[in-house]
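Engineer: turn this into a structure:
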Amino acid sequence: MEEGQRTHVMRTAIDHQRALQQHTGYCQMLRDAGANVCVLDVNRDQPDCVFIEDTAIVLDEVAVLASMCAESRRAEPAGIEPELRKHREVVRISAPATIEGSDVLRVGRTLLVGLSSRTSPAGVKALEAIVQRHGYRVVPVRVRDCLHLKTACTALPDECLLVNPAWLQTQALIGFEMIAVPATEPWGANVALVGLSVFVATAYWQTAEMIRGRGFNVRTVDLSEFAKAEGGVTCLSILLDTA
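Structural biologist: Here you go, the predicted model:
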């Protein structure tokens with residue numbers, strides 16, 4: 001993990017043993033919320049492999065293998081393809097178009113897609129060509145000063161968007177209800193959902209309280225070692241409905 005990509009954070013030492021403990025706690029949190037957890041080790045020699053969300057966009061109808069921007073990560077999607085094929089038809093987006101799963105947020109039948117340092121306009125168009133036949137609308141959203149769209153914007157169970165408005169172009173989100181995270185917790189907009197449970201990193205307690213105030217069940221998990229590598233709650237899993 002210490003050799004992985006960094007864009008907006010300084011490179012600092014990662015406590016491997018603590019990271020293992022935190023990852024175990026993350027998996028248990030998913031199980032406690034009712035998810036079945038499959039842990040893969042196929043990409044374990046890749047420094048960013050724990051951030052598995054980037055490797056694919058998984059919808060109810062199809063799984064889209066990402067086209068990774070960083071050369072050091074380009075082997076990762078092929079590693080998870082066999083597991084995805086157990087659950088979905090799999091299609092690919094190929095270079096020179098680039099797109100990463102953490103730049104794609106599904107809200108109902110809309111896909112908000114971040115135009116970031118990792119996802120190109122060509123990647124957005126390639127995804128749109130795949131998902132249009134399944135009835136999805138694609139909305140590009142310009143991202144700034146952060147790695148991916150989901151660093152700055154995720155959705156709550158009622159489809160309200162949790163955003164850090166300093167890190168994305170909110171004009172693209174007109175029509176959605178939005179609530180801003182506290183300015184003191186700029187990384188707090190990254191939350192994950194299993195059913196009606198909302199997962200929030202322990203560090204962002206003000207954000208957690210704000211979400212509880214909307215009536216949702218909030219579960220917190222310490223991910224401090226992953227935050228050192230620009231990772232958040234969504235980054236460590238691909239969540240899909242297997243019903």
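
Engineer: for the protein, just list every one of the helices.
Structural biologist: Shown for the chain, the helices assigned by DSSP state H span residues 16-32, 76-84, 121-131, 149-152, 205-212, 224-227.

Engineer: okay if I get those as TSV plus mean neighbour count?
Structural biologist: All C-beta spots, glycine's among them, are computed from the backbone N, C-alpha and C. As requested, the helices of the chain are arranged in TSV below (neighbours: other C-beta atoms under 10 Å):
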stretch	mean neighbour count
helix 16-32	14
helix 76-84	18
helix 121-131	19
helix 149-152	28
helix 205-212	18
helix 224-227	19
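
Engineer: compare those helices and give me the one nearest residue 38.
Structural biologist: Distances from residue 38 to each of the helices of the chain were compared by C-beta to C-beta, and the smallest falls on helix 76-84, at 6.7 Å.

Engineer: quick one, strands of this structure?
Structural biologist: Secondary structure of the chain by DSSP state E: the strands cover 56-58, 62-65, 89-92, 104-107, 110-115, 137-142, 153-155, 161-163, 178-180, 192-194, 197-201, 217-221.

Engineer: adding distance to residue 171, mean neighbour count and mean pLDDT as columns, could you present those in CSV?
Structural biologist: As requested, the strands of the chain are exported to CSV (distance: least, C-beta to C-beta, whole Å; neighbours: other C-beta atoms under 10 Å; pLDDT from 0 to 100):
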stretch, distance to residue 171, mean neighbour count, mean pLDDT
strand 56-58, 24, 25, 98
strand 62-65, 26, 22, 98
strand 89-92, 31, 14, 97
strand 104-107, 16, 21, 98
strand 110-115, 13, 23, 98
strand 137-142, 9, 17, 98
strand 153-155, 13, 25, 98
strand 161-163, 12, 21, 98
strand 178-180, 11, 15, 98
strand 192-194, 25, 20, 97
strand 197-201, 26, 24, 97
strand 217-221, 29, 17, 97
